[in-house]
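K.L.:
my questions are about this predicted structure, shown below with the sequence.
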Amino acid sequence: MTAHTTVPFVDTNIIPDRNVGIGSLLWDLQHPGDAGRDEPPLLGPAFAFIDVGVSRAQVAVALKTLLADDFAMDVEYVATERPEAVPAASVWLVGEPGETVRRSVARMISTTQTARDVDDWYFVVDREGTVASVTYCYELHGNEVWEAYFMGRPFMHEGERVAFSDPELDALLAADVMRIEAGMAREQQAHALRRPAPSWEGYRVQWNPLQKGLAECGIVLQATDVPRRVPGRQNVLFLGNVLNHYPRDERARHFERITADMHEDDLIVVQMDGIETPSIDVFHLARHGGGVRRERVRWINTRTLEVRRRAPDSRAWQLLHLEPEVRQLVRRLVEDFCRSHGVGEADVHGRISHVLRTFFRAAPVDATRRIAIQEAARRLSADAARC
Ligand SMILES: C[S@@+](CC[C@H](N)C(=O)[O-])C[C@H]1O[C@@H](n2cnc3c(N)ncnc32)[C@H](O)[C@@H]1O
């Protein structure tokens, strides 16, 4: 890594179902016939999905559940993360001291226009035993959004080196950061001397949260920055908001490095959010002459819902506008929901529109429409339960 990227390299804004649009995209790649296209599928019925850069288990769990359960796809799901970014522990501060920090984080993230409540927070401890960040969550559009606070240390965000600090919160955290780091050092000593682990009074500790959270959903973690291909199946390598966090002039080099183990016929999907033109690219590794060439087969603008697609072996690009169909679907769902639940359109329109716009990355077909409608209904019921 260069000097640029030796600072923590993270996502400050993790939304468990931000990547679910990949479900409708993969369905389209597997079933071109559903959308009336007479062409061979680019994705076979059984495949391995390598989710690169899974900083929180929930993000991968949400996508695996969608692919394996909702779409009933035959998928072997693997997650990867850079070894230094795999957390050793999550540590909660219990009782009133934890509540005081929670209120301080809520103050920090609230503005005069938007008051935010923090639902949960904890310290993230890295493999060196250092408190790397504080992570907290709040509700947004029916999602549990997780963000990280780096206590004034620089971190990489969308390819830029950023530092942010809140003195009031830092003062509240300082003593616990010291105690937790001392506790981690005692843990290591006790482990080396085979002594009983020290007590963590005042704290609740969860060890290896990423591996455990993934394992609960049958996902194996590769702690590496060069993903290893899964043998015996077509592989889909998914870079969800990984490349856009590298400095612009280093992206091409890292892209080559991260995709180096992929083979002929594999697919590479690159998603970039939080930038001016959020997009998804799909590349197919096709045989060409004596070697294998990366061919772009999709480019999706996820803000305008424009899809540019190219059939295998064709040079011609086709442009599709998903927006009108998605908007019509939103209108129909809003009307149905308001009629059956006796609520006003203003209350539900934003939520339904948000779910469907993040869900469709290809023209709606029966299978994807059904799951999108279920998901919108689930989010609206979760909202009703919260009120
Ligand atoms: C911005 S987060 C993306 C999280 C998630 N994929 C998403 O879309 O919400 C980027 C993550 O990618 C990880 N990362 C960066 N380069 C990587 C690499 N070469 N291999 C594995 N993980 C990497 C970082 O450590 C960080 O946790």
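P.N.:
Looks like it arrived, so ask away. The model shown is predicted, which means the values in this text are computed figures rather than measured ones. Residues are numbered from 1 along each chain as shown.
K.L.:
C-alpha only now, for contacts and for neighbours.
P.N.:
Will do.
K.L.:
gap between residue 371 and the ligand?
P.N.:
21 Å (Cα to the nearest ligand atom, to the nearest Å).
K.L.:
can you list the domains in this structure?
P.N.:
16-85+212-321, 89-207, 325-386 (automatic domain parsing).
K.L.:
burial count for residue 231?
P.N.:
9 (other Cα atoms under 10 Å).
K.L.:
element containing it?
P.N.:
Secondary structure assigned from DSSP states H and E places residue 231 in neither a helix nor a strand.
K.L.:
is it possible to get JSON lines of the domains of the chain that adds mean pLDDT?
P.N.:
Below are those laid out as JSON lines (pLDDT from 0 to 100):
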{"stretch": "domain 16-85+212-321", "mean pLDDT": "93"}
{"stretch": "domain 89-207", "mean pLDDT": "92"}
{"stretch": "domain 325-386", "mean pLDDT": "86"}
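K.L.:
so of the ones you listed, which one's packed in deepest?
P.N.:
Greatest average neighbour count among those goes to domain 16-85+212-321 (a mean of 18), per mean count of other Cα atoms under 10 Å.
K.L.:
just confirm yes or no for that domain near the ligand.
P.N.:
Yes. Using Cα under 6 Å from any ligand atom, domain 16-85+212-321 reaches the ligand at 52-55, 80-82, 85, 224-226, 240-242, 258.
K.L.:
for the residue of the stretch 51-200 of the chain at minimum distance from the ligand, what are its contacts?
P.N.:
Among the residues of the stretch 51-200 of the chain, residue 53 lies nearest to the ligand; the distance is 3.3 Å by Cα to the nearest ligand atom. By Cα atoms under 8 Å, 6 or more residues apart in numbering, the contact list for residue 53 reads 79, 80, 81, 82, 239, 240, 242.
K.L.:
repeat that for 10 Å
P.N.:
Counting by Cα atoms under 10 Å, 6 or more residues apart in numbering, residue 53 touches 10-11, 60, 79-82, 85-86, 222-225, 227, 238-243.
K.L.:
residue 137 now?
P.N.:
13-15, 105-106, 116-122, 143-148.
K.L.:
cool, residue 375 as well?
P.N.:
Contacts of residue 375 (Cα under 10 Å, 6+ apart): 352, 355, 356, 359, 369, 381.
K.L.:
dump these into TSV; add secondary structure as well.
P.N.:
Output for the contacts of residue 375, formatted as TSV (DSSP: H, G, I helix; E, B strand; the rest coil):
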residue	secondary structure
352	helix
355	helix
356	helix
359	helix
369	helix
381	helix
